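Trainee: Build me a model:
(2 chains, ligands or ions: 2)
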2 protein chains.
Amino acid sequence: MSKPLDYENLNENVKKCQYAVRGELYLRASELQKEGKKIIFTNVGNPHALGQKPLTFPRQVIALCQAPFLLDDPNVGLIFPADAIARAKQFLAMTSGGLGAYSDSRGIPGVRKEVAEFIERRDGYPSDPELIFLTDGASKGVMQILNSVIRGPSDGILVPVPQYPLYSASIQLLGGSLVPYFLEETANWGLDINDLRQSVAQARFKGITVRAMVIINPGNPTGQCLSVANLKQIIQFCHQENLVLLGDEVYQQNIYQDERPFISARKVLLDMGPPISKELQLVSFHTVSKGYWGECGQRGGYFEMTNIPPKAVEEIYKVASISLSPNVPGQIFMGLMVNPPKPGDISYDQYVRESKGILESLRRRAHMMTDGFNSCRNVVCAMYSFPQIRLPPRAIEAANKLGKAPDVLYCLRLLEATGISTVPGSDIELDYHGDEDATDPGEKIVNPPWYVVGRVFTDKFINPKSLSDAMGKAWRLGEGMAVRELENNVFIF
Amino acid sequence: MSKPLDYENLNENVKKCQYAVRGELYLRASELQKEGKKIIFTNVGNPHALGQKPLTFPRQVIALCQAPFLLDDPNVGLIFPADAIARAKQFLAMTSGGLGAYSDSRGIPGVRKEVAEFIERRDGYPSDPELIFLTDGASKGVMQILNSVIRGPSDGILVPVPQYPLYSASIQLLGGSLVPYFLEETANWGLDINDLRQSVAQARFKGITVRAMVIINPGNPTGQCLSVANLKQIIQFCHQENLVLLGDEVYQQNIYQDERPFISARKVLLDMGPPISKELQLVSFHTVSKGYWGECGQRGGYFEMTNIPPKAVEEIYKVASISLSPNVPGQIFMGLMVNPPKPGDISYDQYVRESKGILESLRRRAHMMTDGFNSCRNVVCAMYSFPQIRLPPRAIEAANKLGKAPDVLYCLRLLEATGISTVPGSDIELDYHGDEDATDPGEKIVNPPWYVVGRVFTDKFINPKSLSDAMGKAWRLGEGMAVRELENNVFIF
Ligand SMILES: Cc1ncc(COP(=O)(O)O)c(C=O)c1O
Ligand SMILES: Cc1ncc(COP(=O)(O)O)c(C=O)c1O
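Mentor: Ligands and ions are numbered 1, 2, ... in the order given. Now for the predicted structure:
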């Protein structure tokens, strides 16, 4: 007899949900790693795992918060600067019981105040700490909000394609419907409001009411910053269609171009003035995992709610309470990120030097990757290393025979040959299930006889030369395929 | 027009779920705190918030892991003992990228191995690290597993009453049905298998298939350790009824009596031998939040799966992956808890002295509280300060007039009068909704004209004398009630 936790008896939403970032590729990569092979994981941005050093000051402060008995040690000044000591004392005074006590489920009030002040400085409008909830990373915040929005399969969430797989996976897990909208590579990954309207209309035709729209700005994996004009259009669209706008702004520090700065959805909304600025419901997300912090393992994040009525805020609070409190060290990291050392502080120069160094290195590498890919025939690559790779018909055939998407097979080969673990583009472009109308890049003929096989989603921490070598090698191993063709036409770097 | 995140449009499961530990009482307490009143929160066990000091050694190790640059500092030895330094190096070597990198979504393999070794030492049977997942506290683990089990409202979960509200709230949030079973105060809070059978039969009659059974052992709020005989019965029962057993064993260090030690469900199961030991599905939960650690804010926990097939484990892994990784510092705390300093280590004596001190103080206070309550007329209290308080009919009437459960009103008055924030027993005894057959303690006549009004769930960190004074004071403020009666008959301490 089958048992409650046998596969066939699990919650269908659990089984249905796909999680590309840790899917087949990741599992195979983990196997290889266990067998002793050196694997470079590029499936998720995890900079410290690839050698990025943490910023010193926040780590000093958190170490002192964890070991408050050091604050009375006469030797502490030999190891820690005075401003780190002062800051640790401030944070400890904000908690009741230090890092070992559950905080309020929304996070420590003092840290939420620091976040509100940061938002005010950034946007020029005051922010209310009561509408800011700290979370264990942005992922948890996104899931909390989606859980409040999604009531069943007829509730749709507009999600950009290509997307970050958190969204598709969470929507599936929560039993909602993903409604894709397509970012236009040719329009600098901006979005066309007419396409949006069409996506909503198509969904409605299938009985799905769209209730929320996700924007990822700056984009992942596409890397664009949305323009103010585009953001305004989006906001107006959400207002007309009665959607809550979910602004994933975790990459707001990762700006690798000078032409278009990051501007928050909240600022654009408030700039638009009433009535819309008082009506549109907006939730914005941020994290300590990205930018020059890259403190992924600490799990610190927040979301800020705009125009969400108090009764709904209370419900979101209640649900947050079930897991008691976000981790307190992660909250302190968030406090430090939004309120770093100031000019005149002992640690200021070091902090600026370190963060600039990291940001410049990220920026340099992003450009190298993009340029490297774009110098390849049959590879097209926008910012953030989301290269579009064209494969010949015989490569597609070979993949079809194995029952795999061509880019999945490509990525698997790449992994086996080189230890570089990537995310196949089809996973993040096509994992909205049940949408038969979606264009399958594997079927779309671009320039016969070439096909777009989705993309390889990489990361900014790999030496582009070694990746491009690697990509060639991967295909050279492809038995049964038009090896020469590939070598000659696709992967000559 | 109403908007997607207006109260009336929220996911019904979100709205339905009650969370007693942070419900009406907690919100009122927070308000009072904001107004400047000193509040003692006893609504959730949060020992550091009430003055318990963290153990030194683990905090030293984690501070060093957070500040790895200190490991090269020539002065580090002035502040940190050599074994803490060595241990920090070991942990950092287990990660790839230190605490700032996402770990595997199941947790750091090296820490999972330490957990497996701890379980083997404790139970006498080897444990497989691949079946151990680290989590952000036990709460998150429980929710993950319930999410896999619950498919819809006809899936029932057996939960002890009185219970810890995590279970009722999570089951409601996930859209399942709570099936209560009652712990017998007169049988040392043990459970009667015939009652269990009846609960399952009653549920079935309502169209609910029970799929899992939760035990909290040692109990919260009841404080008992289940006997081996009782555990065997429970295991056999789950096996017969094809239920997965969820063993919440977070209080395994909190043993305040000598007669009956804690024995894990897993040990009892494996002692029973095949076939049952190879068949019964069991998931066991643990945390760094309880015991003499009390590191609630760090959010470290694990669950261990027994007899769960690999395909289901993979699905649970996939869902864990959506939020990338549990917080890494919390994982290190778990590693330290299961593998503390050993005899001969520099920090061993201090570690033993500190943990013994905390445990003895907890134990002493638990006894003081219980004895204190039991010395009161019309108050009956088992271990762990879960006192049963009897109120006269006019007190019940007054509460009814206000549309509140009598014990909720009592707790609110207690809070206003004294700043002590408790959990009304009715919240944790009765918050399984939709079960009309449940006995309402407010209606059950114990010893006419006295009523049991549920309980006041307190904590072990309050001076019992001040609490009992406070309880009297609370009622003295009760306008509209038979004040004298209360004073004379119920709250003369
Ligand atoms: C677009 C986007 N949103 C959210 C996240 C989640 O980050 P975290 O949960 O670590 O804050 C990521 C992580 O890579 C991301 O790329
Ligand atoms: C019975 C029980 N289970 C689980 C928990 C959750 O603890 P945590 O999520 O902090 O590990 C608690 C906390 O008080 C508890 O009492």
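
Trainee: Help me see whether stretch A:274-285 makes contact with ligand 1, please.
Mentor: No. Stretch A:274-285 lies apart from ligand 1 when judged by C-beta under 6 Å from any ligand atom; the minimum separation is 6.8 Å. All C-beta spots, glycine's among them, are computed from the backbone N, C-alpha and C.

Trainee: can you tell if that stretch touches chain B?
Mentor: Yes. Applying C-beta under 8 Å from any C-beta of the partner chain, one finds stretch A:274-285 touching chain B at A:279, A:281, A:283.

Trainee: Could you do stretch A:202-213 as well?
Mentor: Yes. Stretch A:202-213 is in contact with chain B by C-beta under 8 Å from any C-beta, via A:211-212.

Trainee: what's the straight distance from one end of that stretch to the other?
Mentor: 15 Å (C-alpha to C-alpha, to the nearest Å).

Trainee: for that stretch, the distance to its chain's centre please.
Mentor: The chain centre lies 24 Å from the centre of stretch A:202-213; the measure is C-alpha atoms, centre = their mean, to the nearest Å.

Trainee: Give me the phi and psi for the residue of chain A found nearest ligand 2.
Mentor: Nearest to ligand 2 in chain A, going by C-beta to the nearest ligand atom, is A:Leu324, at a distance of 5.5 Å. When read as degrees, to the nearest 10, the backbone of A:Leu324 gives phi 70, psi -70.

Trainee: distance of it from ligand 1?
Mentor: Here the criterion is C-beta to the nearest ligand atom, to the nearest Å. By it, A:Leu324 lies 19 Å from ligand 1.

Trainee: now do A:Ile316
Mentor: Look at A:Ile316 and ligand 1: by C-beta to the nearest ligand atom, they are 18 Å apart.

Trainee: next one: A:Ile208
Mentor: Taking C-beta to the nearest ligand atom, one finds A:Ile208 at 23 Å from ligand 1.

Trainee: Which secondary structure state is assigned to the residue of chain A most remote from its centre?
Mentor: The outermost residue of chain A relative to its centre, with distances by C-alpha atoms, centre = their mean, is A:Pro74 at 43.4 Å. Judged by DSSP: H, G, I helix; E, B strand; the rest coil, the three-state class of A:Pro74 is coil.

Trainee: For it, give me the pLDDT.
Mentor: A:Pro74 carries a pLDDT score of 91 in this model.

Trainee: Counting neighbours, what do you get for A:Ser154?
Mentor: Per other C-beta atoms under 10 Å in any protein chain shown, the neighbour tally for A:Ser154 reads 14.

Trainee: Might one say that it is in contact with A:Val210?
Mentor: No. Taking contacts as C-beta atoms under 8 Å, A:Ser154 lies outside contact range of A:Val210: 10.1 Å.

Trainee: how is chain A carved up into domains?
Mentor: Annotated domains of chain A cover A:7-51+A:356-476, A:98-338 [automatic domain parsing].

Trainee: hey, which of these is tucked in deepest?
Mentor: A comparison of the domains of chain A by mean neighbour count, using mean count of other C-beta atoms under 10 Å in any protein chain shown, puts domain A:98-338 on top with a mean of 21.

Trainee: Where do the strands of chain A begin and end?
Mentor: A:40-41, A:132-135, A:155-161, A:177-182, A:209-216, A:244-248, A:282-287, A:301-306, A:379-382, A:386-391, A:420-421, A:423-424, A:445-447, A:450-457 (DSSP state E).

Trainee: In terms of mean pLDDT, which of these ranks lowest?
Mentor: strand A:445-447 (a mean of 33).

Trainee: In PDB, could you pull the C-alpha coordinates for stretch A:218-232?
Mentor: Taking Å, rounded to 0.1, in the frame of the first residue of the first chain, the C-alpha atoms of stretch A:218-232 are listed here in PDB:
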ATOM      1  CA  PRO A 218      17.100  45.900 -12.800                       C
ATOM      2  CA  GLY A 219      16.400  42.700 -14.800                       C
ATOM      3  CA  ASN A 220      17.600  39.200 -14.200                       C
ATOM      4  CA  PRO A 221      18.700  37.500 -16.400                       C
ATOM      5  CA  THR A 222      18.400  40.400 -18.800                       C
ATOM      6  CA  GLY A 223      20.200  43.100 -17.000                       C
ATOM      7  CA  GLN A 224      18.200  46.100 -18.200                       C
ATOM      8  CA  CYS A 225      17.100  49.100 -16.100                       C
ATOM      9  CA  LEU A 226      13.500  50.000 -17.000                       C
ATOM     10  CA  SER A 227      13.200  53.600 -18.100                       C
ATOM     11  CA  VAL A 228      11.000  56.100 -16.200                       C
ATOM     12  CA  ALA A 229       8.700  56.200 -19.200                       C
ATOM     13  CA  ASN A 230       8.300  52.500 -19.300                       C
ATOM     14  CA  LEU A 231       7.800  52.300 -15.500                       C
ATOM     15  CA  LYS A 232       5.000  54.900 -15.800                       C
END
